[in-house]
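# structure for the following, please:
(one chain, ligands or ions: 2)
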Amino acid sequence: MKEAIFKRKTNQREVILDIVRNTKCHPCVDNIYDEAREIMPRISKGTVYRNIKLLSQAGMVLELSIDHNVLRYDGSTHTHGHLLCENCGAVTDIELTSVSELEQQVKQQGYKINNTIVEFYGLCTKCNIKKDNHSN
Ligand SMILES: [Zn+2]
Ligand SMILES: [Zn+2]
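Ligands and ions are numbered 1, 2, ... in the order given. I've put the predicted structure just below:
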């Protein structure tokens with residue numbers, strides 16, 4: 001039994017999936033690599049890169065291109081929006097209730113949707129509060 005757990009823990013792809021699922025920060029490959037190395041010191045960045053691509057092709061993680069400098073990964077695969085903070089660079093989740101209404105409008109015009117991406121650019125809640133404090 002112990003052996004089975006150990007074997008599962010050392011499965012590189014599962015460790016990588018766990019890392020992405022257990023954070024809300026939408027990490028890039030470098031961030032995932034840093035965390036994976038703490039669990040599996042001998043893992044290479046190439047392995048992380050290969051596995052995250054496979055997980056994204058399998059639909060188990062989302063690959064986000066909202067940050068134009070680097071691809072970031074998301075363990076939440078339900079339809080939700082993202083906001084890139086133009087001040088601190090954080091990518092945060094935005095839960096939306098009306099995406100299906102928008103999709104309905106697109107379908108009514110005869111299109112088929114394979115993937116919906118909702119991206120916002122602005123200030124995260126923390127930076128927005130700071131900005132308000134400064135202007136007062
Ligand atoms: Zn911010
Ligand atoms: Zn997200």
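# please name the residues that touch residue 15.
9, 36, 39-40, 43 (Cβ atoms under 8 Å, 6 or more residues apart in numbering). From N, CA and C alone the C-beta is placed, and that goes for glycine too.
# just the buried ones from the residues you listed?
Listed as buried from the contacts of residue 15 are 36, 40, 43; burial here means 16 or more other Cβ atoms under 10 Å.
# got a markdown table for the contacts of residue 15, with distance to ligand 1 too?
Putting the contacts of residue 15 into a markdown table (distance: Cβ to the ion, whole Å) gives the following:
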| residue | distance to ligand 1 |
| --- | --- |
| 9 | 35 |
| 36 | 26 |
| 39 | 29 |
| 40 | 32 |
| 43 | 31 |
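# just the residues you listed now: which is nearest residue 30?
The nearest member of these to residue 30, counting by Cβ to Cβ, is residue 36 at 10.6 Å.
# who are the contact partners of the closest one?
Residue 36 neighbours (Cβ under 8 Å, 6+ apart): 12, 15-16, 19, 43, 48.
# quick one: which of these is nearest residue 65?
residue 48 (18.2 Å).
# and the closest one, which helix or strand is it part of?
Per DSSP states H and E, residue 48 falls inside helix 45-57.
# centre of the chain versus the next helix-or-strand element following that helix, how much separation?
For helix 45-57, the following helix or strand on the C-terminal side (DSSP H and E) is strand 62-64. Computed by Cα atoms, centre = their mean, to the nearest Å, the separation of strand 62-64 from the middle of its chain amounts to 5 Å.
# name the element residue 26 belongs to?
Judged by DSSP H and E, residue 26 forms part of no helix or strand.
# so it sits against residue 73, correct?
Yes: with contact defined as Cβ atoms under 8 Å, residue 26 reaches residue 73; the gap is 6.6 Å.
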